[in-house]
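**Q** based on what follows, work out the 3D shape:
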Amino acid sequence: MVLRRDAQQNVTKLTAAAVTVFRQQGFQAPLEAVAQEAGVSIGTLYNRIGRDGTRETLIEAAAPVIAAERTDRLAAEAQTRPDPWARFEHYVTALLDSQAASPPVDDIMARRLPESSQLTEQCEHALRHAGRFIAEAQADGSLRPDFRVEDLTVLFQASSGILRASAPPCADAWRRHLRFVLDGLRVRSGTS
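**A** Modelled structure (predicted):
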């Protein structure tokens, strides 16, 4: 079915608005906020996107944009670090920092919406980068040999719980937790 030009413009505005609102408020943001950001009524949102699966449709459209903005940039930044441990540490810290700063990234990394194939793929994309950094750090002996990429998913889920439970003055509790984890993962020279 071909949409009229104004109807197609509304779909485009709604998709862009979903990116903006979800980036700020997370994927559970009210759909009314998306409609308001797009400058259309909630009725237009439901009419253009559809009542069945509306939120999921908007998430599927917005998630790749939101996640892609970060993941490749973080991996490129990590790649500039001088050694495998520094690359691994930087990438994991940057992912968790991104998770803390952005509700939709938290939703993606904590796999809060497993029914979304787009969100699952975005998390897998981040983990593929991590797998490379893990392999390099293990090859040079700076990362425990028993650490697996799947362990990062548990770390993301734990950090998500810490983020949701923490409030000032403990807003940086996730950083302390990450430091404990990283210190436990690092193999220091002269230790077995």
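**Q** just give the number of residues close to the nearest residue to Ser166 once chain neighbours are set aside.
**A** Nearest non-adjacent residue to Ser166, counting by Cβ to Cβ, 6 or more residues apart in numbering: Ala173, 4.4 Å away. Glycine gets a C-beta too; all of them are placed from N, C-alpha and C. Number of residues near Ala173 (other Cβ atoms under 10 Å) recorded here: 16.
**Q** repeat that for Val92.
**A** 22.
**Q** tell me the buried residues in whatever helix or strand it lives in?
**A** Secondary structure from DSSP states H and E places Val92 in helix 84-101. If you call a residue buried by 16 or more other Cβ atoms under 10 Å, then helix 84-101 has these buried ones: 84-85, 87-100.
**Q** of those, closest to Asp106?
**A** Closest approach between the buried residues of helix 84-101 and Asp106, by Cβ to Cβ: Gln99, at 4.8 Å.
**Q** tell me the angle of the longest helix seen in the chain relative to helix 84-101?
**A** Counting by DSSP state H, the longest helix found in the chain is helix 54-79. Relative orientation of helix 54-79 versus helix 84-101 (axes from the mean of the first three to the mean of the last three Cα atoms, to 10 degrees): 150 degrees.
**Q** mind giving me the packing neighbours of the least confident helix or strand in the chain by mean pLDDT?
**A** In the chain, no helix or strand scores lower on mean pLDDT, DSSP states H and E than helix 103-109, which sits at a mean of 78. Applying 3 or more Cβ pairs under 8 Å, 6 or more residues apart in numbering; DSSP states H and E, one finds that helix 103-109 makes contact with helix 5-25, helix 54-79, helix 84-101, helix 117-139, helix 150-165.
**Q** and these, which is most packed in?
**A** helix 84-101 (a mean of 20; mean count of other Cβ atoms under 10 Å).
**Q** helices and strands around that helix, which ones?
**A** helix 54-79, helix 103-109, helix 117-139, helix 150-165, helix 173-185.
**Q** kindly export stretch 103-120 (C-alpha atoms) in CSV.
**A** Listed next in CSV are the C-alpha coordinates belonging to stretch 103-120 (Å, rounded to 0.1, in the frame of the first residue of the first chain):
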residue,chain,number,x,y,z
PRO,A,103,18.0,4.7,29.2
PRO,A,104,17.6,3.1,25.7
VAL,A,105,21.1,1.8,25.7
ASP,A,106,20.5,0.4,29.2
ASP,A,107,17.4,-1.4,27.8
ILE,A,108,19.5,-2.8,24.9
MET,A,109,22.5,-3.9,27.0
ALA,A,110,20.3,-5.4,29.8
ARG,A,111,18.3,-7.2,27.1
ARG,A,112,15.1,-5.9,28.6
LEU,A,113,13.1,-6.4,25.4
PRO,A,114,14.2,-9.9,24.2
GLU,A,115,11.3,-10.1,21.7
SER,A,116,12.9,-7.3,19.6
SER,A,117,15.2,-8.8,17.0
GLN,A,118,16.7,-5.4,16.3
LEU,A,119,17.6,-4.8,19.9
THR,A,120,19.1,-8.3,20.2
